[in-house]
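S.K.: predicted structure and sequence below. I'll ask about it afterward.
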Amino acid sequence: MIPVVVLAGFLGSGKTTLLNHLLRTSGGTRIGVVVNDFGRINIDALAVSAQVDSMVSLSNGCLCCAVDGTELDAMLVKLASADLDVIVIEASGLAEPSTLIRMVLQAPGVEYGGLIYVVDAVELGAVPHLDRDLALADLVVLNKVDRVDSLPSLPCEAPVLPVSYGRIDPALLFEVRPPDMGPRQLSFDDLDDHSTHAHASYDSVTFESSEFLHPKLFMDFLQARPEGLFRAKGFARFEHGTFMLHVVGGYISFTRVDDAPTQLVLIGAGIDPDSLTDWLWACIADGPVTEQDMLWVLRYARE
Ligand SMILES: Nc1nc2c(ncn2[C@@H]2O[C@H](COP(=O)(O)OP(=O)(O)OP(=O)(O)O)[C@@H](O)[C@H]2O)c(=O)[nH]1
């Protein structure tokens, strides 16, 4: 039976970063990945696809909304038939960990391997149901500690690992769990009912275009974005380069990548998808853009 590790955590907490770290540092371990993204574009899948033995992804929304779990079952059966050591499910930042755990516990051919819960040390206060999710976690990764002066304390019994950029020892996830600990002790009744689903109040906006964005207009958009829009990710294409974009809370970063069309997913609460889409269309460059204009973006560029 192949162990299935569920990797969960609120939007932008650093799940993909941690997954990429695991994929990079797990040596000969053969890892299968189920990527569950929110929105239409599987940005996370694109980011990890070059590094993984076996990967499946779901592109039509939140995995835990596939209530009967048949889709997840089919994915796990497919992965279980490959010669893998472990399967990691990266839950979307809005997925209910309890629902995913229940689905994995019921899935054929695999065994549940624990819940790794990633928490952003800076944005702790923004996480809905933090206590409830922490209670289910086997290992809590307190991520982004490079951005805080002192470590916040977390109300949980699971071990807390303070790290930056998800750099945990992969052996922590793939080793055998002591019999008296962990979610195998959970009964289904411990797992919350789907009606309290956190993302009912969230909207996502997907935007795609192969035309160049205007750097100044696009940065104006990011800087003036509505308060409820606290997560944006994807690719932004400018005349002078294409960048992978991550926005979490007030944090913005661009990383230069190979040329690709603009593909953005914006996630937030109380946002107006139509007006955001119109606003993004208004960011398309309708004239020449100078290298000087690119400085608006480059000041947020990493590496
Ligand atoms: N400063 C800092 N930034 C980090 C750290 N870990 C991740 N990030 C950045 O935080 C942003 C979000 O990280 P992701 O790994 O995409 O987060 P995620 O949980 O997969 O995001 P969703 O898929 O939206 O839920 C990216 O810009 C990362 O580079 C960290 O330890 N420190």
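M.R.: Looks like it came in fine. Residues are numbered from 1 along each chain as shown.
S.K.: going by C-alpha atoms from here, please, whenever you check contacts or count neighbours.
M.R.: Noted.
S.K.: residues in the stretch 1-150 of the chain within reach of the ligand, list them.
M.R.: For the stretch 1-150 of the chain, the contact set with the ligand under C-alpha under 6 Å from any ligand atom comprises 10-17, 92-93, 143-144, 146-147.
S.K.: so which of those are in strands?
M.R.: N143 (DSSP state E).
S.K.: mind checking pLDDT for C156?
M.R.: Note for C156: predicted pLDDT of 85.
S.K.: same question for A82.
M.R.: Looking at A82, the pLDDT reads 75.
S.K.: residues near it, how many?
M.R.: Per other C-alpha atoms under 10 Å, the neighbour tally for A82 reads 13.
S.K.: can you pull the phi/psi pair for it?
M.R.: In terms of degrees, to the nearest 10, the main-chain angles of A82 are phi -80, psi 160.
S.K.: mind checking how far it is from the ligand?
M.R.: 25 Å (C-alpha to the nearest ligand atom, to the nearest Å).
S.K.: re earlier: redo the residues of the stretch 1-150 of the chain next to the ligand as a markdown table? Include distance to E291, pLDDT and neighbour count.
M.R.: A markdown table is the format used below for these (distance: C-alpha to C-alpha, whole Å; pLDDT from 0 to 100; neighbours: other C-alpha atoms under 10 Å):
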| residue | distance to E291 | pLDDT | neighbour count |
| --- | --- | --- | --- |
| F10 | 36 | 90 | 25 |
| L11 | 33 | 87 | 26 |
| G12 | 30 | 89 | 23 |
| S13 | 33 | 94 | 27 |
| G14 | 32 | 93 | 24 |
| K15 | 34 | 91 | 28 |
| T16 | 31 | 87 | 22 |
| T17 | 30 | 89 | 19 |
| S92 | 36 | 76 | 26 |
| G93 | 35 | 73 | 26 |
| N143 | 35 | 97 | 27 |
| K144 | 32 | 96 | 20 |
| D146 | 32 | 95 | 14 |
| R147 | 31 | 94 | 12 |
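S.K.: filter the residues of the stretch 1-150 of the chain next to the ligand down to just the ones in helices.
M.R.: Mapping these onto helices (DSSP state H) picks out 15-17.
S.K.: a markdown table for the residues of the stretch 1-150 of the chain next to the ligand, including distance to M219?
M.R.: Below are those laid out as a markdown table (distance: C-alpha to C-alpha, whole Å):
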| residue | distance to M219 |
| --- | --- |
| F10 | 25 |
| L11 | 21 |
| G12 | 19 |
| S13 | 23 |
| G14 | 23 |
| K15 | 25 |
| T16 | 24 |
| T17 | 24 |
| S92 | 26 |
| G93 | 24 |
| N143 | 27 |
| K144 | 24 |
| D146 | 25 |
| R147 | 23 |
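S.K.: of the residues of the stretch 1-150 of the chain next to the ligand, which is the nearest to I31?
M.R.: Nearest to I31 among those, counting by C-alpha to C-alpha, is T16 at 14.3 Å.
S.K.: ok, back up a step: can you lay out the ones in helices among the residues of the stretch 1-150 of the chain next to the ligand as TSV showing distance to V265?
M.R.: Shown next, in TSV, are those (distance: C-alpha to C-alpha, whole Å):
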residue	distance to V265
K15	16
T16	15
T17	17
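S.K.: confidence score at M1?
M.R.: At M1, pLDDT is 79.
S.K.: thought it was touching A107?
M.R.: No. Taking contacts as C-alpha atoms under 8 Å, M1 lies outside contact range of A107: 11.1 Å.
S.K.: neighbour count winner among the two?
M.R.: Neighbour count, other C-alpha under 10 Å: between M1 and A107, A107 has more, with 19 against 12.
S.K.: now the more buried one: how far from P3?
M.R.: 11 Å (C-alpha to C-alpha, to the nearest Å).
S.K.: again, but for V265
M.R.: Distance, V265 to P3, by C-alpha to C-alpha: 31 Å.
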